[in-house]
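A.B. asks: next input, structure requested:
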Amino acid sequence: MFRISLPVAFGVALLTSFAVMAQEKVNFNQHIAPIIHTNCTPCHRPGEVGPFSLITYEDVAKRSKFIKEVTRTRYMPPWFADPAFQHYQNERLLTQQEIDLIARWVEENLLEMRYQHLSTDNEFKTGRCLSRPEQLSDGRLRMHEEWQWTSSDQSSGTSIIEEI
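C.D. replies: Numbering: from 1, shown residues only. Below you'll find the predicted structure:
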């Protein structure tokens with residue numbers, strides 16, 4: 001009979017989840033929004049002390065480089081108690097993993113879109129798309145897209161769309 005200790009099993013599961021996370025594309029809804037809504041939105045919303053809102057994708061995306069920098073330096077979220085000395089209930093500290101996820105999201109520069117489409121056969125389809133914009137030397141845009149239909153056949157693929 002093969003036996004494995006609980007700490008070893010936990011360590012293998014943890015390493016496996018980190019390996020999957022390292023390969024997976026970071027997207028706003030699944031990875032970034034929960035971090036922002038837990039740690040930033042309580043202050044960064046109308047009527048609160050934050051000078052701007054961080055509620056929607058658009059709010060966060062337009063300040064993404066700034067957010068990356070203030071989280072990397074641990075300027076935000078503000079927390080002046082030393083976590084090496086004592087922990088408090090409801091403390092707002094980002095883990096290094098959360099900071100790294102924010103940085104990856106900004107560096108990957110992905111636009112996340114949901115769309116609806118009426119086909120030539122009058123079939124209504126919905127889908128999602130992650131697009132990476134590239135500015136060409138002549139100023140035109142090229143979009144590298146990974147898409148998936150979320151209705152009907154669930155097919156997926158990649159596209160490159162270039163401005164003419």
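
A.B. asks: remind me which residues of the chain are low pLDDT?
C.D. replies: Low-confidence regions of the chain, defined here as pLDDT under 70, cover residues 1-23.

A.B. asks: kindly list the longest strand within it.
C.D. replies: Longest strand in the chain by number of residues, with DSSP state E as the criterion: strand 124-135.

A.B. asks: buried residues in whichever helix or strand comes after that one, which are they?
C.D. replies: Using DSSP states H and E, the helix or strand that follows strand 124-135 towards the C-terminus is strand 141-149. Under the neighbour-count criterion of 16 or more other CB atoms under 10 Å, strand 141-149 has E145, W147, W149 buried. For the C-beta atoms, the positions are set from N, CA and C on the backbone; glycine is no exception.

A.B. asks: who touches the first one in this structure?
C.D. replies: The contact partners of E145, taken as CB atoms under 8 Å, 6 or more residues apart in numbering, are C129, L130, S131, R132, T158, S159, I160, I161.

A.B. asks: could you list the domains of the chain?
C.D. replies: Domains of the chain are assigned by automatic domain parsing as 19-79+94-108, 111-162.
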